[in-house]
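1. sequence first, then the predicted structure:
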Amino acid sequence: MSNAFLFFRKFLRHGTKIASAVPSSRWLSDKTVSNVDWDRTKTIVELGAGTGPVTKLIVERAHVDCKVFIFESDKDFISILKKDFSAHKNVEIIEGDACAFGDILFKHGIQSVDYIISGLPTPSLLPKDRERLFENVRKLLAPEGTFNQITEMPLVYLRFYKRYFSNVKFIFEPRNFPPGGVYICRSPK
C-alpha cells in the first residue's frame, strides 16, 4: 500500500489526530527545514513524523555527528520509518507520545536541542497535552533554536503560536496540496 494512501486512510479514521489528509509535499518539507543551520546542528527532533517526507530531508542533510530523534506514535508509520531510516547510525526512531519527548530525551542524556520540527496537529491537541508539549519545548530548545510547525491552515494559527513564542514567522508554500506552510517559532515564553 502506498504511503499516501495509508496516510489518507488513517486521516479518515482518526481525523484531527492525524494533522493532514496527505503527507507533506517535497516543497513543504523543504520549507519546513529551510532555516536549519546544518553545519552547526548537533541535535534535531522531529515530532509526528508520519510516513517521513520531512524525515527524509533531515536524514539527507544532517551531518553524521548530528543526533536525530524521530517521534511517532502510529505503529504503521513506525514500521515505515524504521524500514526507511533505521540504517542511519545517528537516527533514533522512538515510538511513543511526542508531547513527552523531553522525558525521553533526558533519559538519553540530551539536555538541549537545536531544532524541533513538528508535524503534530498542535492546535487540536488536548489542552493538557499541548501544555506538556510546550513545557518540553521551553526546557529543551536551545536559545538560538527554533520550533518549526507544519500547517495546512496558512496564517490561521498565527495568534495561537504567538501565545507560546516571542517571535513567530510564517512561510507560505502554495505548491503543497492543500496549500500550507510552516511557522518558525523562536524564544518560547
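-> Structure's in. What do you need?
2. what's the average pLDDT for stretch 41-53?
-> Per-residue pLDDT values over stretch 41-53 give a mean of 95.
3. in the sheet, who's paired with the residue nearest to the spatial centre of the chain?
-> Note on the chain: the residue nearest the mean C-alpha position is residue 118, at 2.2 Å, using CA atoms, centre = their mean. Applying DSSP bridges to residue 118 gives these bridge partners: residue 47, residue 149.
4. do you know how far it is from residue 64?
-> Taking CB to CB, to the nearest Å as the criterion, residue 118 is separated from residue 64 by 24 Å. For the C-beta atoms, the positions are set from N, CA and C on the backbone; glycine is no exception.
5. again, but for residue 177
-> As for residue 177, its distance to residue 64 is 33 Å (criterion: CB to CB).
6. neighbour count winner among those two?
-> For residue 177 versus residue 64, the count of surrounding residues by other CB atoms under 10 Å is larger for residue 177: 14 against 7.
7. which element is the more buried one on?
-> Assignment of secondary structure by DSSP states H and E places residue 177 within no helix or strand.
8. just the pLDDT for it.
-> For residue 177, pLDDT reads 81.
9. please report phi then psi for it.
-> Listed backbone geometry of residue 177 is phi -120, psi 120, with angles given as degrees, to the nearest 10.
10. I figured it hits residue 25, correct?
-> Yes: Residue 177 sits in contact with residue 25 when judged by CB atoms under 8 Å, with a separation of 6.6 Å.
11. quick check, residue 71 in a strand?
-> Yes: counting by DSSP: H, G, I helix; E, B strand; the rest coil, one finds residue 71 located in a strand.
12. which stretches of the protein form helices?
-> In the chain, the segments counted as helices under DSSP state H are 3-14, 26-32, 53-61, 75-85, 101-107, 127-140, 158-162.
13. contact partners of the fifth one?
-> The reference is to helix 101-107. 45, 47, 69, 71, 94, 96, 113, 133, 135-136, 139-140 (CB atoms under 8 Å, 6 or more residues apart in numbering).
14. confidence-wise, which of these comes last?
-> In this model, the minimum pLDDT among these belongs to residue 96 (91).
15. check whether that residue really touches residue 69, as I assumed.
-> No: counting by CB under 8 Å, residue 96 does not reach residue 69; the two are 10.9 Å apart.
16. ok, these two, which is more surrounded?
-> The neighbour count for residue 96 versus residue 69, taken as other CB under 10 Å, is higher for residue 69 (21 against 13).
17. in the protein, what spans have low per-residue confidence?
-> Counting by pLDDT under 70, the chain shows low-confidence ranges at 1, 3-23.
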